[in-house]
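A.B. asks: I'll drop the sequence and a predicted model, then ask my questions.
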Amino acid sequence: MALPALERKQYKLGKYDIVAQPQLGSAHMLRYTVMLNGRRLGALMSVPSESDCRFMEAPPPVPPLRIFALTNRPGRPKKGSTPLRNEEL
């Protein structure tokens, strides 16, 4: 006995078009594709809110990586290293 597959649904959330399609290999999970003016913004596995749609349209700026902060890990000196001397003038 096979489970009936869900049908494709389409609805509007504010100015965004949401297309709910059944996930491949699943009888009850849907993939929600968010579109704006015919352009695909992204897809979610949970029901999107208008806030989620706005976030996909204009995500917040991401600060650049600080590589030195990631690689510089001050800690205990290695064996056999010379001690650091602080000379004041």
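C.D. replies: Okay, I see it. Numbers count the residues shown, from 1 in each chain.
A.B. asks: Next, the contact list for Gly80, please.
C.D. replies: Counting by CB atoms under 8 Å, 6 or more residues apart in numbering, Gly80 makes contact with nothing. C-beta: built from backbone N, CA, C; applies to glycine.
A.B. asks: which helices and strands sit right next to the longest helix anywhere in the chain?
C.D. replies: The single longest helix within the chain, with elements called by DSSP state H, is helix 50-57. Contact analysis of helix 50-57 by 3 or more CB pairs under 8 Å, 6 or more residues apart in numbering; DSSP states H and E lists strand 30-36, strand 39-44 as its packing neighbours.
A.B. asks: Tell me which residues of that helix come out buried.
C.D. replies: Of the residues in helix 50-57, 52-53, 56 count as buried by neighbour count, 16 or more other CB atoms under 10 Å.
A.B. asks: Over to stretch 11-25?
C.D. replies: 16-20, 22.
A.B. asks: quick one, phi/psi of Tyr11?
C.D. replies: phi -150, psi 170 (degrees, to the nearest 10).
A.B. asks: Surely Arg43 and Met35 touch.
C.D. replies: Small correction: residue 43 is Ala, not Arg. No - in this structure Ala43 lies outside contact range of Met35 using CB atoms under 8 Å: 9.9 Å.
A.B. asks: out of these two, which sits in the busier spot?
C.D. replies: Comparing Ala43 with Met35 by other CB atoms under 10 Å, the one with more neighbours is Met35, at 17 against 14.
A.B. asks: Can you give me every residue that contacts the more buried one?
C.D. replies: Met35 makes contacts with 16-19, 41, as judged by CB under 8 Å, 6+ apart.
A.B. asks: check contacts around the most centrally placed residue in the chain.
C.D. replies: Central residue of the chain (CA atoms, centre = their mean): Met56, 9.3 Å from the mean position. The contact partners of Met56, taken as CB under 8 Å, 6+ apart, are 34, 41-42.
A.B. asks: returning to what we had before: output the buried residues of helix 50-57 in CSV, with pLDDT appended to each entry.
C.D. replies: Listed next are the buried residues of helix 50-57 as CSV, based on pLDDT from 0 to 100:
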residue, pLDDT
Asp52, 94
Cys53, 94
Met56, 94
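A.B. asks: Many thanks, we can stop here.
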